[in-house]
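Engineer: Sharing a model prediction with you, sequence too.
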Amino acid sequence: MTDENTLTGHAGELGVAVARAHGVETMFTLSGAHVFPMYDGAVKADPPMRLLDVRHEQTAAFAAEATGKLTRSPGLAVLTAGPGVTNAVSAIAQAQFSGSPMVVVGGRAPAGRWGTGSLQELDHPPIVSPVAKLARTISSAEGITEGFDEAFAAAGSSHRGPAFVDVPMDSFFDTATTATPQGPRAHRAEPDPDAIAEIAELLGAAEHPVLVLGTDVWADGAEEAALRLVEGAGLPTLTNGMGRGVLPGGHPLLVTKARGQALGTADLVVVVGTPLDFRLGYGVFGGKDGATPARVVHLADSPGQVSGHAELAASASGDLGLALDALLTAVQGLVRRPDWSTWTTGLQDAVRAATARDALLLGAEADPIHPARIYGELVPRLADDAVVIGDGGDFVSFAGKFVEPKRPGCWLDPGPYGCLGAGLGAAIAARIARPSAQVVLLLGDGAAGFSLMDVDTLVRHRLPVVMIVGNNSAWGLEKGPMQMIYGYDVAADLAQRTPYDEVVTALGGAGESVTDPTGIGPALDRAFASGVPYLVNVITDVDAAYPRNTLGI
């Protein structure tokens, strides 16, 4: 270090300095010689940067992706060359689909040996670039500060997502003097006021409007503005992804439990901060029970996120906090203030009816156990700040139905990419980001097979997490549909009643299996009180499938 304007060190030290300037506190990794200088930089930093080493590179990358979601600043994964990088591609793709800010730093075979067949020699950027905002090689130590800064800036700016850089091994060990890294630069893009005024007019003319709040509302720091709009305008609202919790569970204007009626009979649907993909019927709403098709409005954090396939009545892009506050002001300034009380009351009645129906499943005494009973026991035990993570298909679909977070930023799922295996990495990230909160990882037994070995990581780094496996001994999301299409199923069964809790115990944690519904609650109490990674393996009914309306196609 020479002075406040310049920085001297080897490339790993420079890279760590840039990461820290962008708010990184933890480096997720799996040991590899190609990236040793990053470790040395972390150890020698003042204060040292936390190194969190895992058992599979996918877990490091998923942990970085979840860190980006939870903290709203880029997470960092540092991975060795070749398979270290390719093992992370699914997590990078998930970050791209979900708008999660993360930076992946890859090692790279030495430039001085390039083309001669050195260990793990692979040109990574062409592989990663289709699923990243930025993918490039930084070829010299002198370029590290600028190159890393560019990657972090890209990852953290709207629309957020993953950025990738790799550095040749010989360059990583070189020393250079560069400008001191500046860190993130705040930029809030103003939405077009005419577009906001047009949306307000559409709301003023609507009789049955619905607001949908998605992940980017949280990512853009717009959760308070969203709540102001909902309450100030009196808008019935649905949430998805990390939009869940923006309206706390039980809020009178949260009508997610009446989703079918709300979206099926609405005349205007305003979708904010989430794509019009399969989760939202590709942007086609209304038309149920003779209702006319709904007009659709899309608000996004950046122009490229505004739907290009849906027929839109209006759209706007820009900072979502600014957009939502401007929309509330415009609605309140309408000459004719809309009255949606009858519409809202009808949806609230539907919510109450759905809640009553749900109570029967949540308290089910069935043998084998109905998966809904797990949530009947879990939900009352969740603190308001609990972080709930879903990693699975059918079992986690029930979680989406029954778990309504009380606060924003407390729900993690794979998002529209639908990638299994993200859970352990997300649990690691959540325990670090929210050290005093309950962290609950919900695993289908299929998903458990992707990453359960990384319980070893939880144990080694003393990261207590409560894991619940809905164990129906099958790939439930595929078994039923295949039977429906063909009249039989193949490649859909798993070993019967696998004791996943014993796997966790063998790795140094604790756990138990449950076959009686009355045993679920006491098992969860023991799990939360244990202070160690604890897995509750609940044997569930394979025939109790989630009643879904779409297979995502």
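Structural biologist: Received it, and whenever you're ready, just let me know what you need.
Engineer: F28 is in what secondary structure piece?
Structural biologist: For F28, the host element (DSSP states H and E) is strand 26-29.
Engineer: now what about that strand, what contacts it?
Structural biologist: Identification of contacts with strand 26-29 by Cβ atoms under 8 Å, 6 or more residues apart in numbering yields 16, 19, 35, 38-39, 42, 49-54, 59-61, 63-64, 67, 75-79, 425, 428-429, 432. For every residue, glycine as well, the C-beta is placed using N, CA and C.
Engineer: Would you mind checking the average pLDDT for whichever helix or strand comes after it?
Structural biologist: Of the helices and strands lying after strand 26-29 in sequence (DSSP H and E), the nearest is helix 36-44. For helix 36-44, mean pLDDT rounds to 98.
Engineer: Extract the C-alpha set from helix 36-44 and format it as CSV.
Structural biologist: Taking Å, rounded to 0.1, in the frame of the first residue of the first chain, the C-alpha atoms of helix 36-44 are listed here in CSV:
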residue,chain,number,x,y,z
PHE,A,36,-4.3,-19.3,-4.1
PRO,A,37,-3.5,-15.6,-4.4
MET,A,38,-7.1,-14.7,-3.6
TYR,A,39,-6.8,-16.7,-0.4
ASP,A,40,-3.6,-15.0,0.5
GLY,A,41,-5.2,-11.7,-0.2
ALA,A,42,-8.1,-12.6,2.1
VAL,A,43,-5.8,-13.8,4.9
LYS,A,44,-3.6,-10.7,4.8
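Engineer: Would you mind checking the average pLDDT for whatever helix or strand comes next after that helix?
Structural biologist: Next in sequence after helix 36-44, counting helices and strands by DSSP H and E, comes strand 50-53. Strand 50-53 shows a mean pLDDT of 98.
Engineer: just checking, what packs against the helix ranked longest in the chain?
Structural biologist: Among the segments of the chain that qualify as a helix by DSSP state H, the longest is helix 341-362. The contact analysis (3 or more Cβ pairs under 8 Å, 6 or more residues apart in numbering; DSSP states H and E) places helix 341-362 against helix 259-265, helix 371-378, helix 394-402.
Engineer: Is it possible to get TSV of these that adds distance to V217, mean neighbour count and mean pLDDT?
Structural biologist: TSV is the format used below for the helices and strands packed on helix 341-362 (distance: least, Cβ to Cβ, whole Å; neighbours: other Cβ atoms under 10 Å; pLDDT from 0 to 100):
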stretch	distance to V217	mean neighbour count	mean pLDDT
helix 259-265	17	20	96
helix 371-378	25	24	97
helix 394-402	17	23	92
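Engineer: and of these, who's closest to V538?
Structural biologist: Closest of the helices and strands packed on helix 341-362 to V538 is helix 371-378, at 5.5 Å (criterion: Cβ to Cβ).
Engineer: Please tell me how far the closest one is from the chain's geometric centre.
Structural biologist: A distance of 22 Å separates the centroid of the chain from that of helix 371-378, by Cα atoms, centre = their mean, to the nearest Å.
Engineer: What would that helix look like as CSV? C-alpha coordinates only.
Structural biologist: The C-alpha trace of helix 371-378 is given here as CSV (Å, rounded to 0.1, in the frame of the first residue of the first chain):
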residue,chain,number,x,y,z
PRO,A,371,-46.9,-33.0,3.4
ALA,A,372,-49.2,-30.1,4.3
ARG,A,373,-49.1,-31.3,7.9
ILE,A,374,-45.4,-30.4,8.1
TYR,A,375,-46.3,-26.8,7.4
GLY,A,376,-49.2,-26.9,9.9
GLU,A,377,-46.5,-27.6,12.5
LEU,A,378,-43.7,-25.4,11.1
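Engineer: Neighbouring strands of the helix or strand that comes right after it in the sheet, and parallel or not?
Structural biologist: Downstream of helix 371-378, the next assigned helix or strand under DSSP H and E is strand 387-391. Strand 387-391 pairs in its sheet with strand 411-412 (parallel), strand 439-444 (parallel), by DSSP bridges.
Engineer: now the angle between helix 394-402 and strand 387-391, please.
Structural biologist: Angle, strand 387-391 to helix 394-402, by axes from the mean of the first three to the mean of the last three Cα atoms, to 10 degrees: 140 degrees.
Engineer: Name the residues of strand 387-391 that come out as buried.
Structural biologist: For strand 387-391, a neighbour-count test (16 or more other Cβ atoms under 10 Å) marks V387, V388, I389, G390, D391 as buried.
Engineer: ok, these vs G449, which is closest?
Structural biologist: Closest approach to G449 among the buried residues of strand 387-391 (Cβ to Cβ): D391, at 10.9 Å.
Engineer: Now that closest one. Nearest residue, chain neighbours left out?
Structural biologist: Counting by Cβ to Cβ, 6 or more residues apart in numbering, D391 lies nearest to G423, which is 2.8 Å off, once chain neighbours are set aside.
Engineer: about what we covered before: buried residues of the longest helix of the chain, list them for me.
Structural biologist: W343, T344, G346, L347, Q348, A350, V351, A354, D358, L361, L362.
Engineer: got the residues you listed as CSV, with distance to L458 columns?
Structural biologist: Output for those, formatted as CSV (distance: Cβ to Cβ, whole Å):
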residue, distance to L458
W343, 47
T344, 44
G346, 46
L347, 41
Q348, 41
A350, 41
V351, 37
A354, 36
D358, 32
L361, 31
L362, 29
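Engineer: which residues are in contact with stretch 272-283?
Structural biologist: Contact with stretch 272-283 is made by 211-220, 222, 226, 240-241, 243, 263, 271, 296, 298-301, 305, 307, 309-312, 320, 323-324, 416, 550, 552-553, as judged by Cβ under 8 Å, 6+ apart.
Engineer: Pull the distance from stretch 124-143 to the chain's centre.
Structural biologist: 24 Å.
Engineer: And the average pLDDT for it is what?
Structural biologist: The pLDDT scores in stretch 124-143 average 97.
Engineer: just stretch 351-361 next, same as before
Structural biologist: The model assigns stretch 351-361 a mean pLDDT of 95.
Engineer: cool, and stretch 161-172?
Structural biologist: Stretch 161-172 shows a mean pLDDT of 97.
Engineer: swap in stretch 223-233?
Structural biologist: 98.
Engineer: Buried residues, it. List them.
Structural biologist: Those buried within stretch 223-233 under the rule 16+ other Cβ under 10 Å are E223, A225, A226, L227, R228, L229, V230, A233.
Engineer: swap in stretch 50-66?
Structural biologist: For stretch 50-66, a neighbour-count test (16+ other Cβ under 10 Å) marks 51-52, 54-66 as buried.
Engineer: Next up, the contacts around D267.
Structural biologist: By Cβ under 8 Å, 6+ apart, the contact list for D267 reads A206, E207, H208, P209, G286, A291, T292, A294, R295.
Engineer: same thing with A205?
Structural biologist: Listed by Cβ under 8 Å, 6+ apart, the contact set of A205 reads L268, P338.
Engineer: Next one: it from I199, what distance?
Structural biologist: Computed as Cβ to Cβ, to the nearest Å, the A205 to I199 distance reads 11 Å.
Engineer: One more: G390?
Structural biologist: Taking Cβ to Cβ, one finds G390 at 32 Å from I199.
Engineer: Over to F398?
Structural biologist: Relative to I199, F398 is positioned 35 Å away (Cβ to Cβ).
Engineer: likewise N5?
Structural biologist: Distance from N5 to I199, counting by Cβ to Cβ: 46 Å.
Engineer: quick one, which of the two is more surrounded?
Structural biologist: I199 (25 against 7; other Cβ atoms under 10 Å).
Engineer: now the helix or strand that contains the more buried one, how far from the centre of its chain.
Structural biologist: I199 is part of helix 193-205 when elements are defined by DSSP H and E. For helix 193-205, the distance from its own C-alpha centre to the chain's C-alpha centre is 31 Å (Cα atoms, centre = their mean).
Engineer: again, but for stretch 136-146
Structural biologist: 30 Å.
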